[in-house]
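Enquirer: here are the coordinates; sequence isn't available:
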């Protein structure tokens, strides 16, 4: 029996290496030669600062999103960040494990992008018996002082749900709980991208989750991740007036479907495939929310969360060395895990290559200490540039980066890192 199991695991591993040998070589078997720190717009020690909170509740943040306040004409008058932070992540992580104890609750934080001030957001009306462990989140802009709608993926004790809140500029430190969205379709919700105040895309990273009974878990989820099995998916969800949902599959067959983002013009959707180190781009029908696959871009790391900035560049953040991330999660002595964030900017229509091979062979991202071109070939459609790198000694376990196109400021959080890093040009 054991020999059969080992044979199956060997076949799965061989399949994964065949599909993504580049990532296996650079992200598993080799520790990337990353610097202690690199920031694209200057010296990290003079341009970047790490925001921290004395009680350490601004730690282990997985996702964050811009919360824009608009005037009546739609112009941004103020921009804040809402971040979801879980200092208890090493005891409760339904994606990587373990599932020891979901107490205490995690936190939402409000960050002012002007002065970096921090305020904790209270969950007004949230049921006392409910756990709260935020993963993906997104909020609608506030138009002329009106309340915004905030959705948060919640990896609670019994099941993963999506929490529905409203939050107002008048009381920005209070998120008013409206309802908990629950569905058999919510197998492993991870990231969100809103299409309206009552609808959103949600990625499901695994079909086989850590919630399965032993010995199915953790074995099967690990196999699904390591083998890059295409069992994840993206759905579009509409919240009906009575609180029920309408669920539609938008994209199937995605290995470890993770971060999801919609372009500023609404016509393109990007989706992370973490196990394969790839971002998939889809053409989006803005009326029906249907998707049509367009292209794939390879990344030099296991990409996590993604976001489009106002200029249409996709900001991708990930884990350059998966064994190091596992070591940090397991509290190994002196363990640290590196960070890497890049931008993907659409190439101009005026950029042409005589042959596709010429595009793949060209060198790029040459300012970075470890160039992306040392790991993956160039894309014909997107220019990839490193925004931040670290071997983990300055800032580690990167999972989400936001870029404010108005100011050029960069914001980063790490899955098992203390604080939120801000870098300004």
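Expert: Cool, got the structure. Only a predicted model underlies this, so the values are computations on that prediction, with no experimental measurement involved.
Enquirer: any idea which residue sits dead centre in the protein?
Expert: The centre of the chain sits closest to residue 305, judged by C-alpha atoms, centre = their mean, with a distance of 1.7 Å.
Enquirer: Could you say which helix or strand holds that one?
Expert: Using DSSP states H and E, residue 305 falls within strand 302-308.
Enquirer: Show me what that strand is packed up against.
Expert: With contacts defined as 3 or more C-beta pairs under 8 Å, 6 or more residues apart in numbering; DSSP states H and E, the packing partners of strand 302-308 are strand 61-70, strand 257-262, strand 268-273, strand 278-284, strand 314-319, strand 398-403. Every C-beta, even on glycine, is put in place using the N, C-alpha and C of the backbone.
Enquirer: how about these in CSV, adding distance to residue 413, mean neighbour count and mean pLDDT?
Expert: Conversion of those to CSV gives the following (distance: least, C-beta to C-beta, whole Å; neighbours: other C-beta atoms under 10 Å; pLDDT from 0 to 100):
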stretch, distance to residue 413, mean neighbour count, mean pLDDT
strand 61-70, 4, 23, 98
strand 257-262, 13, 26, 98
strand 268-273, 16, 25, 98
strand 278-284, 19, 21, 98
strand 314-319, 9, 26, 98
strand 398-403, 5, 26, 98
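Enquirer: Including distance to residue 390, could the ones you listed go into TSV?
Expert: Supplementary listing: these in TSV, determined by distance: least, C-beta to C-beta, whole Å:
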stretch	distance to residue 390
strand 61-70	16
strand 257-262	20
strand 268-273	20
strand 278-284	21
strand 314-319	12
strand 398-403	8
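Enquirer: any weak-confidence spans in this protein?
Expert: With pLDDT under 70 as the threshold, the chain has low-confidence stretches at 1-2, 5-6, 8-20, 350-360.
Enquirer: now residue 392: how far from residue 335?
Expert: Relative to residue 335, residue 392 is positioned 9 Å away (criterion: C-beta to C-beta, to the nearest Å).
Enquirer: the more surrounded of these two?
Expert: Higher neighbour count among residue 392 and residue 335: residue 392, with 24 against 17, using other C-beta atoms under 10 Å.
Enquirer: just to revisit the earlier point, am I right that the residue nearest to the centre of the chain is in contact with residue 191?
Expert: Yes. The criterion here is C-beta atoms under 8 Å, and residue 305 meets it with residue 191 at 6.3 Å.
Enquirer: Quickly list what's touching both of these two.
Expert: Among the neighbours of residue 305, those also in contact with residue 191 (C-beta atoms under 8 Å, 6 or more residues apart in numbering) are 63, 136, 258-259, 272.
Enquirer: just the helices in this protein please.
Expert: In the chain, helices defined by DSSP state H lie at 2-24, 44-47, 216-226, 322-329, 356-361, listed in chain order.
Enquirer: Tell me the buried residues in the fourth one?
Expert: The neighbour-count criterion (16 or more other C-beta atoms under 10 Å) identifies 322, 324-325, 327-329 as the buried residues of helix 322-329.
Enquirer: I'd assumed residue 255 was in contact with residue 229.
Expert: Yes. In this structure, residue 229 sits in contact with residue 255. The criterion is C-beta under 8 Å, and the distance is 6.2 Å.
Enquirer: In terms of neighbours, single out the busier of those two.
Expert: Of the pair residue 229 and residue 255, residue 255 is the one with more neighbours under other C-beta under 10 Å, namely 24 against 20.
Enquirer: tell me the phi and psi of the more buried one?
Expert: Recorded main-chain torsions at residue 255 are phi -70, psi 120, according to degrees, to the nearest 10.
Enquirer: Tell me the residues that contact both of residue 392 and residue 335, please.
Expert: Taking C-beta under 8 Å, 6+ apart as the contact definition, residue 392 and residue 335 share the neighbouring residues 324, 328.
Enquirer: Overlap in contacts, residue 229 and residue 255.
Expert: In the contact map built from C-beta under 8 Å, 6+ apart, the residues linked to both residue 229 and residue 255 are residue 275.
Enquirer: first to last residue in stretch 151-161, what's the distance?
Expert: End-to-end distance for stretch 151-161, by C-alpha to C-alpha, to the nearest Å: 10 Å.
Enquirer: buried set for that stretch?
Expert: Neighbour-count burial for stretch 151-161, with 16+ other C-beta under 10 Å as criterion, is recorded at 151-156, 159-161.
Enquirer: list the contacts for the residue nearest to the centre of the chain?
Expert: 62-63, 136, 191, 258-259, 272, 317, 399-401 are the contacts of residue 305 under C-beta under 8 Å, 6+ apart.
Enquirer: go again using 6 Å as the cut-off
Expert: Counting by C-beta atoms under 6 Å, 6 or more residues apart in numbering, residue 305 touches 63, 259, 317, 399-400.
Enquirer: any chance of those in a markdown table, with distance to residue 105 too?
Expert: As requested, these are exported to a markdown table (distance: C-beta to C-beta, whole Å):
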| residue | distance to residue 105 |
| --- | --- |
| 63 | 16 |
| 259 | 24 |
| 317 | 25 |
| 399 | 20 |
| 400 | 20 |
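Enquirer: Most widely separated two among these?
Expert: Distances among these were taken as C-beta to C-beta; the most separated pair is 63 and 317, at 10.3 Å.
Enquirer: So for those two, which residues contact both of them?
Expert: Among the neighbours of residue 63, those also in contact with residue 317 (C-beta under 6 Å, 6+ apart) are 305, 400.
Enquirer: where exactly do the strands run in the stretch 1-150 of the chain?
Expert: Ranges of strands in the stretch 1-150 of the chain, per DSSP state E, counting those that start in this stretch, are 38-39, 48-51, 61-70, 76-85, 107-112, 118-124, 134-139, 142-143, 148-155.
Enquirer: distance between the last one and the chain's centre?
Expert: Right, strand 148-155. Strand 148-155 has its C-alpha centroid displaced from the chain centroid by 14 Å (C-alpha atoms, centre = their mean, to the nearest Å).
Enquirer: same for that strand, what does it pack against?
Expert: strand 134-139, strand 160-168 (3 or more C-beta pairs under 6 Å, 6 or more residues apart in numbering; DSSP states H and E).
Enquirer: From residue 61, how far off is residue 336?
Expert: If you measure residue 336 against residue 61 using C-beta to C-beta, the figure is 17 Å.
Enquirer: let me redo that: residue 128
Expert: In this structure, residue 128 and residue 61 are 24 Å apart, going by C-beta to C-beta.
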